[in-house]
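Enquirer: Here is the input, now give the coordinates:
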Amino acid sequence: MSKIAIRDLLWFYIFLFLVGCKETPTVKSGAITNSHWQQVYQDVPYLQDYSIKYYLTLSQNSMKLSSISLNRDRQIRILSDKGVLVPDNGRLFYSGKLISDISYAPLLSKKITAIGTYKNQTFYLDDKQLFSNAWAGKIQIEHGLPKACLFAGGKDFHFLISDGEKLLYVDQEGTKLWSGIFKGAKQIRYLESKNSFLLVSPETVAEFTPGQSIKELYKGQGITCATSFDSGEKIVIGTTNGYFFLPAKTLITKVPCPDITDMKEIDGQLWFSSNMGAYRLNTDGKYSYYAGERWLPDDSVITIEKGPDSSILVLTEKGLAQICYKEMTLEDKAMFFEKQVREKNIRYGLNSSASKLPTGYSSAQVANQPSDNLWTGMYLASQLFRYKVTGSESARENAYEAFEAMERMFTVTGIQGLFARSYERDYKVETTKVKGWQEKELLSGSPSTLWLPANDHHNWTWRSAVSSDQTVGQIFALTMILKLSDDKQWKARALKCLDNLMGYIVKNNLYIIDVDGKPTLWGKWNPDYVNKFPTNVGDRRLNSSNIIAFLQTAYKFTGKEIYKNKALELMDKYGYLENLTRPISQLGPSKANKISEVLSQEWNHSDDEMYFLAYWGLYPYAFTPELKEKYRAAIHDHWNSERPEKDALWNFTYAMTGAKEFDLDQSIWFLKTYPLDLRNWGMQNSNRKDIEILPKNFRGQTTQDLLPLGEIPLFRHNGQIFTLDSEGDGKTLISAGDTWLLPYWMGRYLGFISAPIQKNNNQRQIIDGQF
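Expert: Below you'll find the model as predicted:
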């Protein structure tokens with residue numbers, strides 16, 4: 001290669017590098033513009049998966065489903081032992097049902113034994129004929145096999161038909177071209193690349209090529225299915241204990257479920273049916289797993305077929321799932337969640353989980369919850385980030401409504417600086433704690449709360465016993481208002497709440513004193529409490545980090561020296577700086593005393609949420625550059641231990657410190673694989689054979705690599721993301737306001753995610769919560 005060619009090639013690679021690392025094209029006023037050469041994710045459309053489910057009704061529960069056909073008019077038909085069914089009226093979140101197909105009256109009396117798709121049209125097999133309603137109904141082949149139950153279409157309207165033993169090869173006129181025997185036949189597949197047919201029995205896989213005899217390809221036990229793969233270049237055989245390719249015959253058992261019931265190549269990808277769900281082989285050798293009612297009516301999968309609009313049809317014993325792949329940007333996903341939160345998760349302006357969902361999903365009951373302050377504070381911040389990035393008036397109104405709800409947490413108590421855990425209209429009053437509540441609090445980790453008459457309205461009550469995580473939620477929200485809001489009245493009201501809260505804590509010797517005159521279970525930052533923990537107990541580090549962040553934030557916005565002096569006193573006299581900068585690797589179990597033992601049995605992921613939200617007051621408002629650098633190092637140490645979780649909220653918060661490497665790719669993966677369906681469906685992964693379970697460990701990490709979020713139980717930032725199994729019935733709905741919208745809009749605000757880049761400038765709309 002000439003020097004000129006080498007030079008030109010070098011400049012070409014430099015150009016590609018610059019394009020790949022270019023900054024966000026435009027940002028609204030108020031959003032942070034990245035420093036030069038900062039990596040930015042370009043928000044181009046990607047494929048988001050979700051499922052539409054169709055169930056057999058109670059009266060149909062005894063039906064046995066067997067096969068699917070999709071024709072060119074996008075009509076889906078399903079064969080049962082009681083006739084042909086069609087899916088009816090299903091959407092995301094709104095499950096449909098399977099009903100009788102009455103489109104062709106003559107079919108209702110026929111004993112259909114198989115259906116399939118050939119030339120993009122549906123064919124039917126009964127005890128007399130193989131026929132289709134396409135082509136003016138002219139294709140009607142008399143086969144003479146009373147027990148015919150299998151067929152496949154080949155070249156030029158030639159068909160191979162079987163009754164499980166006899167084989168008949170005919171043309172569309174019914175002319176018999178060949179006949180033979182293949183005992184135990186349970187599946188026939190046409191191999192277009194070879195113009196031949198795969199024959200499958202429990203002990204044999206063979207190939208029939210027109211004009212030739214049957215050729216045995218493999219003989220063994222436990223065969224369940226076979227299909228072609230890689231455009232017909234390979235034959236793959238499924239068994240009750242994995243699968244293998246011919247001619248290698250190396251059995252692959254490290255799959256989600258090795259008890260395979262069917263396989264199919266769809267658009268170049270190999271799909272598997274199993275008794276534990278459906279899965280797809282990816283190019284990296286891993287599997288995408290679809291199981292549980294987030295995806296399927298049940299996990300006993302019969303077969304899989306290609307569906308309309310590049311979807312996948314999964315037939316199970318209890319119904320049909322259509323796994324859809326919608327092209328959308330991250331902002332499209334955000335708008336989907338924005339609408340859902342407003343419709344299903346808002347109570348008096350508070351952001352909460354929907355605690356009761358009807359079957360139809362049209363309404364949702366949102367009850368008071370222990371973490372109303374925390375979830376609402378996180379949602380409020382997401383809307384402020386959104387407002388600063390987009391200028392959306394709706395986002396501003398959402399944030400203001402959330403602030404009013406959080407502000408009322410202070411006014412309902414009637415005690416300046418003390419805020420409520422929650423409040424409710426016409427709720428019962430409970431003013432006496434049960435006997436032995438202190439011991440129960442300690443052992444359970446849950447505070448014993450009271451419901452007390454509200455200070456502002458006679459028919460309202462408020463919930464007592466606020467905790468440290470609620471305090472983090474309040475201060476995070478107030479900080480964001482003071483930092484991001486352009487409304488002077490908002491800021492003045494937020495400043496009053498912040499000053500009253502921190503004044504109350506400082507006045508009460510760094511405790512939150514409840515209505516009974518005693519500190520709440522977790523509202524404690526006093527050195528006598530914090531430093532009684534051994535240095536390896538996480539609460540010593542956490543509480544030190546949080547209270548310093550609180551005091552710095554209060555000083556930043558009030559200018560009152562009492563907050564600065566108290567923070568310096570804690571760091572200089574009581575070792576809080578040493579506490580909060582202690583390496584995460586030094587934390588672990590302790591049996592020094594009862595409370596230490598309870599709090600250090602395993603890593604508490606609620607602590608992570610409290611740490612990272614409070615970092616927004618710890619790092620930016622450090623009193624000196626030297627402290628700021630120490631904080632940065634401590635935050636990096638914590639973030640580094642959390643990297644296996646790939647949590648976008650942790651990553652973007654760490655990036656706020658100016659970090660250049662903060663796992664942007666993993667953050668985008670987190671946002672993309674987070675499921676659209678946030679109902680509490682049960683999930684099972686611990687019995688999968690494609691993952692290796694790690695030995696029990698302090699952090700509770702179950703697998704080396706995190707599974708995609710669509711495959712695991714619902715995750716909130718205070719939860720254990722490596723949890724593999726959960727129970728659930730889909731009757732509750734967590735909010736995307738804190739789980740997804742906060743990290744997404746934070747990433748947008750910080751400039752790490754671009755504005756959406758639409759293909760062909762197409763605009764997408766989300767109507768009634770649907771696509």
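Enquirer: Counting neighbours, what do you get for residue 269?
Expert: Other residues near residue 269 number 14, with proximity taken as other CB atoms under 10 Å. C-betas here are computed from N, CA, C, even on glycine.
Enquirer: hang on, it packs against residue 279?
Expert: No: between residue 269 and residue 279 there is no contact under CB atoms under 8 Å: 10.7 Å.
Enquirer: can you list the residues that contact stretch 593-610?
Expert: 374, 442-443, 445, 468-469, 472, 532-534, 536-539, 542, 546, 587-591, 638, 642, 650, 698-700, 717-721 (CB atoms under 8 Å, 6 or more residues apart in numbering).
Enquirer: which of those residues are buried?
Expert: Buried members of the contacts of stretch 593-610, scored by 16 or more other CB atoms under 10 Å, are 374, 468-469, 472, 533, 536-539, 542, 546, 587, 590, 638, 642, 650, 699, 717-721.
Enquirer: which stretches of the stretch 151-300 of the chain form strands?
Expert: For the stretch 151-300 of the chain, the strands defined by DSSP state E, counting those that start in this stretch occupy 159-162, 166-170, 176-181, 187-191, 196-200, 204-208, 214-219, 223-229, 234-239, 242-246, 260-266, 269-274, 277-281, 287-290.
Enquirer: mind listing the strands for the stretch 301-450 of the chain?
Expert: With DSSP E, counting those that start in this stretch applied, the stretch 301-450 of the chain shows strands at 301-306, 312-316, 319-328, 346-347, 350-351, 422-425, listed in chain order.
Enquirer: Residue 505 is nearest to which of those strands?
Expert: The minimum distance between residue 505 and the strands of the stretch 301-450 of the chain falls on strand 422-425, with 19.9 Å, by CB to CB.
Enquirer: tell me which residues in the closest one are buried?
Expert: Buried-residue list, strand 422-425, by 16+ other CB under 10 Å: 422, 423, 424.
Enquirer: so what's the second one scoring on pLDDT?
Expert: The per-residue pLDDT reported for residue 423 equals 94.
Enquirer: Hmm, residue 579 is touching residue 541, no?
Expert: Yes: assessed by CB under 8 Å, residue 579 is found in contact with residue 541 at 5.4 Å.
Enquirer: These two: which is more packed in?
Expert: Between residue 579 and residue 541, counted using other CB under 10 Å, residue 541 has the larger neighbour count: 27 against 24.
Enquirer: Unless I misread the structure, the more buried one falls within a helix.
Expert: Yes: assessed by DSSP: H, G, I helix; E, B strand; the rest coil, residue 541 belongs to a helix.
Enquirer: where do the strands sit along the stretch 651-771 of the chain?
Expert: 679-683, 726-733, 753-756.
Enquirer: out of these, deepest packed?
Expert: Mean neighbours per residue, mean count of other CB atoms under 10 Å, is largest over those for strand 753-756, with a mean of 22.
Enquirer: quick revisit: just send the buried residues of strand 422-425 back as a markdown table, with distance to residue 70 too.
Expert: As requested, the buried residues of strand 422-425 are exported to a markdown table (distance: CB to CB, whole Å):
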| residue | distance to residue 70 |
| --- | --- |
| 422 | 50 |
| 423 | 53 |
| 424 | 50 |
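Enquirer: Report how many residues lie close to residue 519.
Expert: Counted with other CB under 10 Å, the neighbours of residue 519 add up to 18.
Enquirer: Name all residues that make contact with the closest residue in space to residue 368 that isn't next to it in sequence.
Expert: Distances taken as CB to CB, 6 or more residues apart in numbering place residue 422 nearest to residue 368, at 4.1 Å, with adjacent residues excluded. Neighbouring residues of residue 422 by CB under 8 Å, 6+ apart: 350, 368, 369, 370, 372, 373, 409, 462, 463.
Enquirer: repeat that for 10 Å
Expert: Under the criterion of CB atoms under 10 Å, 6 or more residues apart in numbering, the neighbours of residue 422 are 347-348, 350, 352, 367-373, 376, 409, 412, 449, 451, 461-464, 466, 470.
Enquirer: tell me which of the buried residues of strand 422-425 is nearest to residue 679?
Expert: residue 422 (22.6 Å).
Enquirer: what do residue 579 and residue 541 both touch?
Expert: Common neighbours of residue 579 and residue 541 (CB under 10 Å, 6+ apart) are 530, 533, 535, 634.
Enquirer: Closest to residue 654 out of those?
Expert: residue 634 (11.1 Å).
Enquirer: Take stretch 584-603, keep the C-alpha atoms, and write them as CSV.
Expert: Taking Å, rounded to 0.1, in the frame of the first residue of the first chain, the C-alpha atoms of stretch 584-603 are listed here in CSV:
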residue,chain,number,x,y,z
ILE,A,584,-16.0,-0.2,50.6
SER,A,585,-13.9,-3.3,50.5
GLN,A,586,-13.5,-3.0,54.3
LEU,A,587,-17.2,-3.3,55.0
GLY,A,588,-18.7,-6.7,56.0
PRO,A,589,-20.6,-8.7,58.6
SER,A,590,-20.1,-7.9,62.3
LYS,A,591,-21.4,-9.5,65.6
ALA,A,592,-20.1,-6.7,67.8
ASN,A,593,-23.7,-6.1,69.0
LYS,A,594,-27.2,-7.0,68.1
ILE,A,595,-28.0,-4.0,65.9
SER,A,596,-24.6,-4.3,64.1
GLU,A,597,-25.3,-8.0,63.4
VAL,A,598,-28.8,-7.2,62.1
LEU,A,599,-27.5,-4.4,59.8
SER,A,600,-24.5,-6.2,58.5
GLN,A,601,-25.8,-9.6,57.5
GLU,A,602,-25.6,-8.6,53.9
TRP,A,603,-25.1,-5.6,51.7
